[in-house]
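Colleague: pasting the sequence and the predicted model now:
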Amino acid sequence: RAAGPPPGDRGRPRVVAHRGASAEEPEHTLAAYTRAYSHGVDGIECDVRLTADHHLVCVHDRRVDRTSNGNGVISTLELARLEELDWASWKELDDGSSKEDADVDPERGRLLTLRRLLDSLVAQHEPLLTLIETKHPTRYGGLVERQLVTVLRDLGLTSGDLPQLPHVRVMSFSILALMRMRGLAPQVPLVYLVEASAPRFSWDGSLPRGVNIIGLDVRIVRRTPSVVRAHQRRGHEVYVWTVNEPDDVRRCADLGVDVIISDRPGDVLGLLG
Ligand code: G3P
Ligand code: CA
């Protein structure tokens, strides 16, 4: 099994906030993660992308358009430009309020870099499970992974014996990206993400060499719940995303999955009791 608390040691799956408590607060902002802490989550998830000047920022989409007041492709914009944008008011507008009413508190709308997110986690003094997903993995010849390892090393998070944050995992849909991470930081456990439309090879319990955790699209678990047992039999941990519906929460708990990743971690914790 991968390092970290064993499944079931708290009597239920661990609950991870997907992009923070992203149903309640603008995803990937400090407000979303602070809300997640307030719910008492077991961990947090974030996506990372590379800026034009090679900083890792916590943004899901390739473009800034949906979650900021700017436009353009992250990888073509420098950090300083991205820092000028507001990353929160889109959510208020999304929730139905007018542009005039939108919260334009610059701190609330501040871009979250991976460094800043991890610094905030260390400040919480909690051993939160920290799931970092690398995006655009087949581009930039491994620069994303190298930058990620640099950040983790700078913060002392790859040594494995650190008190603050021993529970870092790196996740990807790309085997290539995972193998690069394996080469650069063999002590960091890896999560192979599988979406519903993916080839079925990992559904029988197989995983890329050196990977012990599967991250399953909840739609796979709905259609083929036996996939969970297939991985458990091989000693793999099973994480499921993005689990927002009560029926899916109960299904995951019944199947004994290790981690539930949700936009609504407070609701999930409430359901799991
Ligand atoms: O936790 C895995 C999940 O986040 C993968 O999908 O598109 O939300 O990054 P996505
Ligand atoms: Ca993600």
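Modeller: Sure, I can see it. Numbering: from 1, shown residues only. Ligands and ions are numbered 1, 2, ... in the order given.
Colleague: wait, does the strand or helix carrying residue 261 contact ligand 2?
Modeller: Of the helices and strands defined by DSSP states H and E, residue 261 is found in strand 259-262. No: judged by C-beta under 5 Å from the ion, strand 259-262 stays clear of ligand 2, getting no closer than 8.2 Å. For the C-beta atoms, the positions are set from N, CA and C on the backbone; glycine is no exception.
Colleague: now the spatially most central residue of the chain, what are its backbone angles?
Modeller: Among the residues of the chain, the smallest C-alpha distance to the mean C-alpha position (C-alpha atoms, centre = their mean) belongs to residue 45, namely 2.3 Å. Phi and psi for residue 45, reported as degrees, to the nearest 10, are phi -120, psi 140.
Colleague: hmm, back to that, beyond the strand holding residue 261, next helix or strand please.
Modeller: Along the chain past strand 259-262, the next helix or strand (assigned with DSSP H and E) turns out to be helix 265-272.
Colleague: average pLDDT for that next one, rounded please.
Modeller: Here the mean pLDDT over helix 265-272 is 98, rounded to a whole number.
Colleague: residues contacting that helix, please?
Modeller: With C-beta atoms under 8 Å, 6 or more residues apart in numbering as the test, helix 265-272 has contacts from 12-13, 15-18, 21, 24, 35-36, 39-41, 243-244, 246, 249-250, 253, 260, 262.
Colleague: and the pLDDT for the residue nearest to the centre of the chain?
Modeller: Listed pLDDT for residue 45 reads 98.
Colleague: just want the residue of the stretch 51-200 of the chain that's nearest ligand 2.
Modeller: For the stretch 51-200 of the chain, the residue closest to ligand 2 is residue 133, as judged by C-beta to the ion, at 4.0 Å.
Colleague: pLDDT weak spots in the stretch 151-273 of the chain?
Modeller: When residues are selected by pLDDT under 70, those of the stretch 151-273 of the chain lie in 158-166.
Colleague: tally of neighbours for the closest residue to residue 202 other than its chain neighbours?
Modeller: Using C-beta to C-beta, 6 or more residues apart in numbering and skipping the chain neighbours, the partner closest in space to residue 202 is residue 194 (5.2 Å). Other residues within reach of residue 194, judged by other C-beta atoms under 10 Å, total 20.
Colleague: correct me if wrong: residue 121 contacts residue 129.
Modeller: No: with the criterion set as C-beta atoms under 8 Å, residue 121 and residue 129 do not qualify as a contacting pair; they are 10.2 Å apart.
Colleague: anything in contact with each of the two?
Modeller: Common neighbours of residue 121 and residue 129 (C-beta under 8 Å, 6+ apart) are residue 44.
Colleague: quick one, strands of the protein?
Modeller: Secondary structure of the chain, counting by DSSP state E: strands at 14-18, 43-50, 56-57, 129-134, 168-172, 190-194, 213-217, 237-241, 259-262.
Colleague: out of these, which one sits most buried?
Modeller: Among these, the stretch with the highest mean neighbour count (mean count of other C-beta atoms under 10 Å) is strand 259-262, at a mean of 29.
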